[in-house]
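Q: All I have is the shape, not the residue letters:
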């Protein structure tokens, strides 16, 4: 996909990294339409909810000593993955032979490049590609491509085709196309390539696979490529015999699958650089079905999957270097940029300094889940949601409309395959104050970053001092990032976790730390990260789980770390072993209520319900800004078989969920047979739990995504707010020790 400047917001940006300590510098990349200059200001983001019936947006200005104005520039987006690198000189070559195995996955009227033999700028050379499913040749000329030269050969969709293309210095071309692995006569074509002759042009010194390279990919390919190789006949190779060929380049995609480059087996000093992280660890034409892990049989995974919409890094220039002042309190902040025709607020996090004071409460911001859902195209914006966004003056830029910045791991590529890679080095429209996901008839319709501000708003309103770290901080630092805190709070949906992150949470609990899991469907999918690409995550949606798409059989192992992907439940760490409850039920974005269980009335739990009016059978949380109730959308349950500690009690369960609510597929073997033995309070319910381990560590979990949306009801004076406050006070000791006045910021 080429640059798209026709439908971009007035001003937009992103930051790297997401978080920093006081004294650190964050880089903001801003694109300002029409190269308009812009202003910038910092605010602490307390609440992102634009609902006039709720707490409203709360962005508190903070002085970061920024410039009055910044120079603006309109920065383009170039998507599409490819492989690009140097070639040996083709000067004086008498005959050039190109070999390649290809499997197209999308028929398009647009040019899809299989390979380009070109000069540095892409202004000279030859491109070989597909249009409408037919193999074509095109000559390259300054920043454009020439007229198609049709070969008459159709390349079948989703089948492996072996191509052998011979070009000679008289501009003759011959092509053989045969179905890889099948014993059938090859289809052939003969034609003249009356264009810049790449076989004798001294300026042609590089190759680009799956695109034309002009400092970025153009006319990108959707499909798989395998075993590209170049051979020449020249004075050195022929020895007077024109039939002799010499290999000048051969790229083996089965090697270094976890890297962002491909070796040339003819000359190790030459590599192809992979741009925008195409798919690796995917089945090649040699896949037998006997091996499921690419590490055990790399020859069967000797292909790369390219897409025209792959986007790893926008590579925008830095517009604002923001140094976090010493003494800045840890929290959620945003840089608001304005250029006279629009505005954008780009969130970032200030984490506690290594020697600075620490709060007793830590909010663990689920930023890797935000990245997994980044720019989720749901197709629901037009109509009622767009009208409400305008009425509430909510965040106006929606990924249904502004598609240039890539989609989420919940979307599919144009060829129907699932998007398995996401990155934060691009504008994330879904991670903005005021972004609304649904037109919620009973609430605000917010999820993820905006929805989690219901918690930070509550903490500020109640006067609790707290620190914030991100998922990336936890993954990079391990359990040390949690050490010293009395209690760790999650957001509403901490769904995507690495192994190191889970192990850190488990180690924190094992050392006596208190965990308050304040959401649903958490600790569910296993993801991969790598230090070389800290901004990227990978998800393989392996067998099992509630999935928007499924990985192909044999492609369940990550390319970034080589580990098996899929559910944590299938990787030996079910969510119940981490947070006491795990995902069990999903329905529409609507909320219901809890009722207390008999266990909640025990004498030893009376403190947890102090000030709560609900008696046996009475409702808790039949209100809220997320679907209208504290228990909704995605619900978790305790399960001893899956690791819920035996010291945990189920203190409340949700009831009265509508007909859209269904059991998650991993919970059943057949429609009549559950995967686990019968559990207490099963069915369409969420479980709220509490318990204290023998080592003194407390565990509280609510088992519902919509729980946090109920905190602000009745000016923060309600049963849900009270239960959370009682538990947090107990985990932190005396309330006075953890409070500060709201005026202290």
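A: Right, received. Where do you want to start? Keep in mind it's a predicted model, so treat the numbers as computed, not measured. Numbering: from 1, shown residues only.

Q: So which residues of the stretch 351-500 of the chain form strands?
A: With DSSP state E, counting those that start in this stretch as the criterion, the stretch 351-500 of the chain has strands at 361-365, 421-423, 467-470, 487-490, 496-497.

Q: quick one: which of these is nearest residue 673?
A: Nearest to residue 673 among the strands of the stretch 351-500 of the chain is strand 496-497 (29.1 Å), distances taken as C-beta to C-beta. For every residue, glycine as well, the C-beta is placed using N, CA and C.

Q: partners of the closest one in the sheet?
A: Applying DSSP bridges, strand 496-497 is found paired with strand 525-530 (parallel).

Q: Which strands border the next helix or strand after the strand it pairs with, and is each parallel or antiparallel?
A: Toward the C-terminal end, the helix or strand that comes next after strand 525-530 (DSSP states H and E) is strand 533-539. Counting by DSSP bridges, the strands paired with strand 533-539 are strand 421-423 (antiparallel), strand 525-530 (antiparallel).

Q: Using a markdown table, lay out these together with mean neighbour count and distance to residue 75.
A: As requested, those are arranged in a markdown table below (neighbours: other C-beta atoms under 10 Å; distance: least, C-beta to C-beta, whole Å):
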| stretch | mean neighbour count | distance to residue 75 |
| --- | --- | --- |
| strand 421-423 | 25 | 16 |
| strand 525-530 | 24 | 26 |
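
Q: okay if I get these as JSON lines plus mean pLDDT?
A: Formatted as JSON lines, the strands paired with strand 533-539 follow (pLDDT from 0 to 100):
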{"stretch": "strand 421-423", "mean pLDDT": "98"}
{"stretch": "strand 525-530", "mean pLDDT": "98"}
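
Q: for those, which one sits closest to residue 585?
A: strand 525-530 (17.1 Å).

Q: And the closest one, how far out from the chain middle?
A: Strand 525-530 sits 10 Å away from the centroid of its parent chain (C-alpha atoms, centre = their mean, to the nearest Å).

Q: which other residues reach it?
A: Defining contact as C-beta atoms under 8 Å, 6 or more residues apart in numbering, one finds that strand 525-530 is touched by 258, 368, 372, 475, 495-499, 536-539, 541, 545, 558-561, 563-568, 571.

Q: Which of those residues are buried, as a ChimeraX select command?
A: Listed next is the ChimeraX selection for buried residues among those, using 16 or more other C-beta atoms under 10 Å:
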select :258,368,372,475,495,496,497,498,499,536,537,538,539,541,545,558,559,560,561,563,565,566,567,568,571
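
Q: okay, residue 689: pLDDT?
A: Residue 689 carries a pLDDT value of 98.

Q: Could you pull up the residues touching it?
A: Contacts of residue 689 by C-beta under 8 Å, 6+ apart are 580, 581, 638, 644, 648, 649, 650, 651, 699, 700, 701, 703.

Q: nearest to residue 731, of those residues?
A: residue 700 (7.7 Å).

Q: Can you check my assumption that the closest one lies in a helix?
A: No. Secondary structure of residue 700 (DSSP: H, G, I helix; E, B strand; the rest coil): strand, not part of a helix.

Q: returning to that earlier point: so which of the strands paired with strand 533-539 comes closest to residue 225?
A: When the strands paired with strand 533-539 are compared (using C-beta to C-beta), the closest one is strand 421-423, at 17.5 Å.

Q: now that closest one: how far from the chain's centre is it?
A: 4 Å.

Q: Pull up the pairing partners for the longest strand seen in the chain, direction included.
A: Identified as the longest strand of the chain according to DSSP state E is strand 582-596. The strands beside strand 582-596 in its sheet (DSSP bridges) come out as strand 619-620 (antiparallel), strand 631-637 (antiparallel), strand 649-655 (antiparallel), strand 662-663 (antiparallel).

Q: quick one: the nearest residue to residue 233 once chain neighbours are set aside and residue 14, what's the gap?
A: Spatial nearest neighbour of residue 233, excluding adjacent residues (C-beta to C-beta, 6 or more residues apart in numbering): residue 95 at 3.9 Å. Residue 95 sits 48 Å away from residue 14, going by C-beta to C-beta, to the nearest Å.

Q: Kindly report the same for residue 672.
A: 49 Å.

Q: ok, those two, which is more surrounded?
A: Taking other C-beta atoms under 10 Å, residue 672 and residue 14 do not tie; residue 14 has more neighbours (25 against 6).

Q: I figured the more buried one hits residue 428, correct?
A: Yes. Counting by C-beta atoms under 8 Å, residue 14 touches residue 428, with 6.7 Å between them.

Q: what residues are up against residue 536?
A: Counted by C-beta under 8 Å, 6+ apart, residue 536 has contacts 277, 312, 421, 422, 423, 529, 530, 560.

Q: The same query, at a cut-off of 6 Å, please.
A: residue 423 (C-beta atoms under 6 Å, 6 or more residues apart in numbering).

Q: cool, and the one 5 residues further on?
A: Going by C-beta under 6 Å, 6+ apart, residue 541 touches 547, 550, 551.

Q: Repeat that for residue 46.
A: 58, 456, 457, 460.

Q: any idea whether residue 605 is helix, strand or coil?
A: Going by three-state DSSP: residue 605 is helix.

Q: Count the neighbours of it for me.
A: If we define neighbours as other C-beta under 10 Å, then residue 605 has 15 of them.

Q: so where's the chain uncertain?
A: Under the criterion pLDDT under 70, the flagged ranges of the chain are 1-6, 142-145, 181-183, 194-201, 235-243, 734-745.

Q: Where do the helices of it begin and end?
A: Ranges of helices in the chain, per DSSP state H, are 235-238, 367-372, 384-392, 448-462, 471-477, 499-510, 575-579, 713-716, 719-732.

Q: Identify whichever of the ones you listed lies nearest to residue 407.
A: helix 367-372 (11.4 Å).

Q: Would you mind confirming that residue 14 makes contact with residue 29?
A: Yes. Using C-beta atoms under 6 Å, residue 14 is in contact with residue 29, at 5.4 Å.

Q: For burial, what's the neighbour tally of residue 148?
A: 14.

Q: Now for it: which residues touch it?
A: residue 136.

Q: What's the separation between it and residue 191?
A: 12 Å.

Q: my guess is residue 688 contacts residue 651, does it?
A: Yes. Counting by C-beta under 6 Å, residue 688 does reach residue 651; the two are 5.4 Å apart.

Q: Comparing the two, which residue is more hemmed in?
A: Set side by side, residue 688 and residue 651 show more neighbours around residue 688, with 30 against 23, by other C-beta under 10 Å.

Q: Please name the nearest non-neighbouring residue to that one.
A: residue 652 (3.9 Å).

Q: And residue 490, by the same measure?
A: residue 517 (5.1 Å).

Q: ok, how many other residues are close to the one you found?
A: Neighbours of residue 517 using other C-beta under 10 Å come to 27.

Q: measure the nearest residue to residue 571 once chain neighbours are set aside to residue 520 for me?
A: Spatial nearest neighbour of residue 571, excluding adjacent residues (C-beta to C-beta, 6+ apart): residue 526 at 5.4 Å. Going from residue 526 to residue 520 by C-beta to C-beta gives 18 Å.

Q: Against residue 246, how distant is the residue nearest to residue 233?
A: 10 Å.

Q: higher neighbour count, these two?
A: A count of neighbours by other C-beta under 10 Å puts residue 95 above the other of residue 95 and residue 246, at 21 against 15.
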